[in-house]
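[1] What shape does this take:
(one chain, ligands or ions: 2)
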Amino acid sequence: MMTEYAIIPQPQSIQYRQGSFQCTGIPRIAAGDQDFHSEAQVFTGQIAKTFGNPNGAEHIHLLKTDSPAGAEAYRLEITGKEIRISAAGGTGAFRGLQVLRQLILSGYHDGELVIPCGIIEDAPRFSWRGLMLDSSRNFFSVEFIKKLLDALSLQHINIFHWHLTDDQGWRFPVKQYPLLTEIGSKRYDNRIYRYVGGFYTETEIRDIVSYAAERHIEVVPEVDLPGHASAILAAYPGLGCTGGPYRVEDRCGIFEDVLCAGNDDIFPLAEAVFDTLAELFPSAYVHIGGDEVRFNHWKKCPKCQKRLADLGLSEPPQLQSWITSRLAEMLRKRGKAAIGWDEILENTELFPLPDDVIVQSWRGEGGGSKAAALGRRVIMSPQTNGCYLDYRHADLPDEIGRLGIGTITQGFNLNPVTPEMDEKAALLVLGGQGNCWAENIYAGKIAEYMIFPRICAIGEALWSARKDRDINEFAKRLTVHQNRLDKLDLLQYRGPL
Ligand code: ACM
Ligand code: ZN
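    Ligands and ions are numbered 1, 2, ... in the order given. Have a look, this model is predicted:
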């Protein structure tokens with residue numbers, strides 16, 4: 001029988017009380033509690049997926065209250081007779097229900113639920129707690145993404161950053177540019193001798209966005225521009241500096257072919273893409289990529305040279321900052337803010353990074369520190385510090401992954417506020433993310449192994465207060481928590497932390 005809750009992420013405060021709540025079957029939410037109807041339905045559906053429909057008495061009560069007041073704050077009280085979750089809004093109520101879901105996953109055995117009595121009071125440290133999934137390098141099914149969202153919600157992950165375009169595939173339809181999907185969504189795979197790929201239809205995207213929203217997860221789409229553009233160029237070769245030939249890549253790497261900065265036609269394409277995203281994604285953010293742009297063609301291309309001269313720029317890389325400003329402006333007109341990888345901080349002498357653009361730090365934490373010093377908002381996801389979920393879990397010969405090692409301990413110790421940041425800069429840090437790139441991840445099952453349980457450690461780093469952080473204490477909770485995740489049918493890494 002459990003004596004401690006072993007919740008991940010660690011709540012702000014837990015006070016244990018004498019005794020325990022006991023119930024035959026899994027208790028149901030009282031039918032009269034209508035304030036959080038949608039949250040109650042989702043919770044009940046999640047429980048039903050694991051255990052079948054709850055058939056215990058109506059012992060769970062959801063109460064709309066003034067305090068705790070934060071959007072994600074909740075209070076969960078477990079007495080000998082009932083379970084009460086109070087929150088000011090639906091998000092807080094849902095977070096509280098996910099903690100209760102954890103307690104049911106670990107406390108329900110042989111038809112009986114037993115949970116120690118106590119009071120949990122909780123609220124997050126950061127408002128941005130994300131997971132990025134690369135659906136370009138591998139086309140993950142809608143079914144898998146829903147399973148993932150359900151699992152992520154258990155740890156209060158609240159951002160699903162969806163990497164939808166890259167050299168290896170374009171994954172959503174844009175009406176005015178049909179070849180983006182007709183050509184750009186398929187690639188020949190030399191390992192299995194056939195075309196692979198796919199794209200998400202408008203209906204599927206709306207379905208995923210609303211499935212996520214019901215779980216209080218925001219979906220932030222990414223369209224990587226102006227580099228990582230082979231799929232765009234294969235579809236519309238006129239948009240490149242050389243005219244091609246281009247192909248949707250089946251290789252890994254960084255490619256020389258990028259959108260031509262001197263070609264005015266790249267902007268109507270961006271407008272059409274952003275119109276499509278604005279229609280499908282309610283998020284206030286669109287990620288515009290901006291990483292790993294190769295400038296060699298821009299150095300030689302007559303159109304790019306003319307653009308440089310017209311803008312009074314001296315170096316081809318400066319064209320990227322001009323493109324970033326234009327894309328950010330287009331998004332601003334649609335009521336959205338642009339996010340870009342930390343390269344967007346560079347070559348900005350003549351076209352400074354617009355105030356509203358958010359920097360996602362990935363090549364370490366330096367980009368985040370620099371962006372905050374410049375007054376820009378920051379998302380931390382350093383590849384050097386446990387946030388790259390395509391990296392191997394451990395330096396062991398049989399571990400899956402590539403490029404580097406990203407341990408659970410690194411993720412757990414992640415602090416998105418760096419020593420370089422003063423108080424004002426620290427306030428610009430929205431939070432952080434784990435990024436699951438998929439060059440080597442060709443199936444959802446492998447993605448599960450790469451994501452879990454690392455995202456639990458990152459989630460704790462982003463949700464929980466920094467005081468008393470102890471990896472050995474976390475390890476004990478993690479053992480309990482991984483048994484919960486087993487019940488969600490997730491493949492998990494279980495080696496050294
Ligand atoms: C990145 O990993 N290229 C953002
Ligand atoms: Zn060019």
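[2] Residues of the protein that sit close to ligand 1?
    Within the chain, the residues that sit near ligand 1 (C-beta under 6 Å from any ligand atom) are 291-292, 341, 362. In this view, the C-beta of every residue, glycine as well, is placed from N, C-alpha and C.
[3] In PyMOL, select just the buried ones from those residues.
    To isolate the buried subset of these in PyMOL, counting by 16 or more other C-beta atoms under 10 Å, use the following:
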select buried, resi 291+341+362
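[4] Strands - which of the residues of the chain next to ligand 1 land there?
    Among those, DSSP state E puts W341 in strands.
[5] Counting neighbours, what do you get for Q18?
    Counted with other C-beta atoms under 10 Å, residues neighbouring Q18 total 8.
[6] any idea which element it lies in?
    Element membership for Q18, per DSSP states H and E: strand 13-24.
[7] Tell me which residue in the stretch 251-400 of the chain sits closest to ligand 1.
    Of all residues in the stretch 251-400 of the chain, D291 sits closest to ligand 1, at 3.9 Å by C-beta to the nearest ligand atom.
[8] unless I'm mixing things up, that residue is touching W362, no?
    Yes. With contact defined as C-beta atoms under 8 Å, D291 and W362 form a contacting pair (7.2 Å).
[9] overlap in contacts of these two?
    341-342 (C-beta atoms under 8 Å, 6 or more residues apart in numbering).
[10] got the buried residues for stretch 425-432?
    Those would be 425, 428-432, for stretch 425-432 by 16+ other C-beta under 10 Å.
[11] Any idea how far apart the tips of it sit?
    Taking C-alpha to C-alpha, to the nearest Å, stretch 425-432 runs 15 Å from one end to the other.
[12] average pLDDT across it?
    If you average the pLDDT over stretch 425-432, you get 98.
[13] Around ligand 2, which positions in this structure sit nearby?
    By C-beta under 5 Å from the ion, the part of the chain that sits against ligand 2 consists of 241, 260, 262, 301, 303-304.
[14] could you redo the last one with a cut-off of 8 Å?
    240-241, 260-263, 297-298, 301-304, 307 (C-beta under 8 Å from the ion).
[15] For those residues, give me a markdown table that also has pLDDT, secondary structure and neighbour count.
    Output for those, formatted as a markdown table (pLDDT from 0 to 100; DSSP: H, G, I helix; E, B strand; the rest coil; neighbours: other C-beta atoms under 10 Å):
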| residue | pLDDT | secondary structure | neighbour count |
| --- | --- | --- | --- |
| G240 | 98 | strand | 24 |
| C241 | 98 | coil | 23 |
| C260 | 98 | coil | 25 |
| A261 | 98 | coil | 27 |
| G262 | 98 | coil | 19 |
| N263 | 98 | coil | 17 |
| H297 | 98 | helix | 18 |
| W298 | 98 | helix | 26 |
| C301 | 98 | coil | 20 |
| P302 | 98 | helix | 9 |
| K303 | 98 | helix | 14 |
| C304 | 98 | helix | 20 |
| R307 | 98 | helix | 21 |
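[16] just to revisit the earlier point, and of the buried residues of stretch 425-432, the nearest to H59?
    G431 (34.4 Å; C-beta to C-beta).
[17] can you tell me which residues contact the closest one?
    126-130, 159, 379-380, 416, 462 are the contacts of G431 under C-beta under 8 Å, 6+ apart.
[18] Which strand or helix spans it?
    Residue-wise, G431 maps onto strand 429-436 under DSSP H and E.
[19] Can you give me the distance of V209 to S185?
    Distance, V209 to S185, by C-beta to C-beta, to the nearest Å: 19 Å.
[20] out of these two, which sits in the more crowded spot?
    Higher neighbour count among V209 and S185: S185, with 25 against 20, using other C-beta under 10 Å.
[21] Give me the spatial nearest neighbour of the more buried one, chain neighbours excluded.
    F199 (4.2 Å; C-beta to C-beta, 6 or more residues apart in numbering).
[22] For ligand 2, see how far away that neighbour is.
    F199 is 27 Å from ligand 2, where distance means C-beta to the ion, to the nearest Å.
[23] That residue belongs to a helix?
    No. Counting by DSSP: H, G, I helix; E, B strand; the rest coil, F199 is not part of a helix but coil.
[24] residues near it, how many?
    Neighbourhood size, F199 [other C-beta under 10 Å]: 20.
[25] before we move on, what about H109?
    H109 has 10 nearby residues by other C-beta under 10 Å.
[26] And F295, by the same measure?
    By other C-beta under 10 Å, 18 other residues sit near F295.
[27] D166 too?
    Neighbours around D166, by other C-beta under 10 Å: 27.
[28] Correct me if wrong: it contacts M132.
    No. Counting by C-beta under 8 Å, D166 stays clear of M132, with 11.9 Å between them.
[29] Tell me which residues touch the residue of the stretch 251-400 of the chain closest to ligand 1, please.
    So D291 contacts 224, 227-228, 340-343, 362 (C-beta under 8 Å, 6+ apart).
[30] again, 6 Å this time
    Applying C-beta atoms under 6 Å, 6 or more residues apart in numbering to D291 gives the contacts 341, 343.
[31] Next: G459.
    Under the criterion of C-beta under 6 Å, 6+ apart, the neighbours of G459 are 9, 129, 155, 157.
[32] Of those, which belong to strands?
    Mapping these onto strands (DSSP E) picks out R129.
[33] Can you select the buried ones among the contacts of G459 for me in PyMOL?
    PyMOL command restricting the contacts of G459 to the buried ones, with burial defined by 16+ other C-beta under 10 Å:
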select buried, resi 9+129+155+157
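[34] quick one: which of the contacts of G459 is nearest F43?
    Q155 (15.0 Å).
[35] Provide the backbone phi and psi angles at the closest one.
    Backbone torsions of Q155, given as degrees, to the nearest 10, read phi -110, psi 20.
[36] what about the nearest residue to it once chain neighbours are set aside, helix or strand, and which?
    Excluding the flanking residues, the one nearest Q155 by C-beta to C-beta, 6+ apart is G459, at 4.0 Å. Under the criterion of DSSP H and E, G459 resides in helix 454-463.
[37] Could you tell me the angle between that helix and strand 429-436?
    Here helix 454-463 points in a direction 180 degrees away from that of strand 429-436 (axes from the mean of the first three to the mean of the last three C-alpha atoms, to 10 degrees).
[38] Report the buried residues of helix 454-463.
    By neighbour count with 16+ other C-beta under 10 Å, helix 454-463 contains the buried residues 454-463.
[39] In its sheet, which strands sit next to the strand holding Q18, and in what direction?
    Strand 13-24 pairs in its sheet with strand 112-122 (antiparallel), by DSSP bridges.
[40] which residues are contacting the strand it pairs with?
    Strand 112-122 has contacts (C-beta under 6 Å, 6+ apart) with 1, 11-17, 19-23, 26, 74-79, 103, 107.
[41] need the contact list for the residue nearest to S185.
    The neighbourhood of F199, defined by C-beta under 6 Å, 6+ apart, consists of 171-172, 181, 185.
[42] List the ones among these that fall in helices.
    T181 (DSSP state H).
[43] Could you work out the most separated pair of the contacts of F199?
    F172 and S185 (8.8 Å).
[44] Give me the below-cutoff pLDDT ranges for the protein.
    Scanning the chain for pLDDT under 70 picks out the ranges 1.
[45] Next, count neighbours for G45.
    Using other C-beta under 10 Å, G45 has 12 neighbouring residues.
[46] quick one: it is in a helix?
    Yes. Assessed with three-state DSSP, G45 lies in a helix.
[47] so how far is ligand 1 from it?
    Distance check for G45 against ligand 1: by C-beta to the nearest ligand atom, to the nearest Å, it reads 35 Å.
[48] Likewise for K175?
    Where ligand 1 is concerned, K175 sits at a distance of 29 Å (C-beta to the nearest ligand atom).
[49] Surely that residue is in a helix?
    No. Assignment of K175 by three-state DSSP gives coil, placing it outside any helix.
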